[in-house]
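Peer 1: Return a 3D structure for these sequence lines:
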Amino acid sequence: MADRDAKGRWLVGHGEPGPGRKCAYDESWMPEQAFRLTLLGLNDEQLASAFGIHPDTFYDWKRRHTAFSEAILAGGERADADVAHALYHRAKGVTVVSEKAFKNKEGEVVVAQTKTQLPADVRAAEIWLRNRQRKRWRKEDEATPPGTIEDPDAVTDARDLEDRKLAARIAELERRRAHGMGDK
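Peer 2: Numbering: from 1, shown residues only. Purely as a prediction, here's the structure:
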């Protein structure tokens, strides 16, 4: 046992890995899990957390394990591209080719191809256009979300206006109180 230390661990430079932690990466399930989590929208840091590893280890796994890296790519960019492709075809209408099984007069099963024309889907077209050309296709109620100011230079003017309105209201209340008119 000259290649091992007193505890049975391989010594460095003797053909086998030296002492240290064994890699926690498991090819049998981790690529599939990474694919599923990426489909859910998790980013790299969130994936590292889900696997219970440091982000540096996660990036090392992506470099070293092709199946892992491919699964993450497939669950992210490729899945988005596939859905965009399907949405595009649904938005413009598509012909679907399918197979149906029938029995002929002799009782034999015959498989025939059928074509079904699906009409253009207005909702799919709206989603497609709103995501690709936001300014042109946004809904009126989305034009200016609450709390958003489109012109950043107007912020000062809006604050000044509010200050002027507040000052005018205070002056009006003081005038009424001085004349005994109350708060109306």
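
Peer 1: Against R175, how distant is the residue nearest the centre of the chain?
Peer 2: When the chain is reduced to its mean C-alpha position, the closest residue under Cα atoms, centre = their mean turns out to be G41, at 4.0 Å. Noted for G41: a distance of 59 Å to R175, by Cβ to Cβ, to the nearest Å. C-beta coordinates here come from the backbone N, C-alpha and C atoms, glycine included.

Peer 1: hmm, back to that, now do the residue nearest to the centre of the chain against K103, distance only.
Peer 2: Applying Cβ to Cβ, one obtains 47 Å for the distance of G41 from K103.

Peer 1: Ok, R123 next?
Peer 2: 38 Å.

Peer 1: Put the alpha carbons of stretch 39-54 into PDB.
Peer 2: Extracted in PDB, the C-alpha atoms of stretch 39-54 (Å, rounded to 0.1, in the frame of the first residue of the first chain):
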ATOM      1  CA  LEU A  39     -37.700  25.800 -18.200                       C
ATOM      2  CA  LEU A  40     -39.200  27.300 -15.000                       C
ATOM      3  CA  GLY A  41     -37.100  30.400 -15.600                       C
ATOM      4  CA  LEU A  42     -34.300  30.000 -13.100                       C
ATOM      5  CA  ASN A  43     -31.000  31.800 -13.900                       C
ATOM      6  CA  ASP A  44     -27.500  30.500 -13.300                       C
ATOM      7  CA  GLU A  45     -27.300  31.800  -9.700                       C
ATOM      8  CA  GLN A  46     -30.700  30.300  -8.800                       C
ATOM      9  CA  LEU A  47     -29.700  27.000 -10.400                       C
ATOM     10  CA  ALA A  48     -26.600  26.900  -8.300                       C
ATOM     11  CA  SER A  49     -28.700  27.500  -5.200                       C
ATOM     12  CA  ALA A  50     -31.100  24.800  -6.200                       C
ATOM     13  CA  PHE A  51     -28.300  22.300  -6.500                       C
ATOM     14  CA  GLY A  52     -26.800  23.500  -3.200                       C
ATOM     15  CA  ILE A  53     -23.500  24.600  -4.700                       C
ATOM     16  CA  HIS A  54     -21.500  27.800  -5.000                       C
END
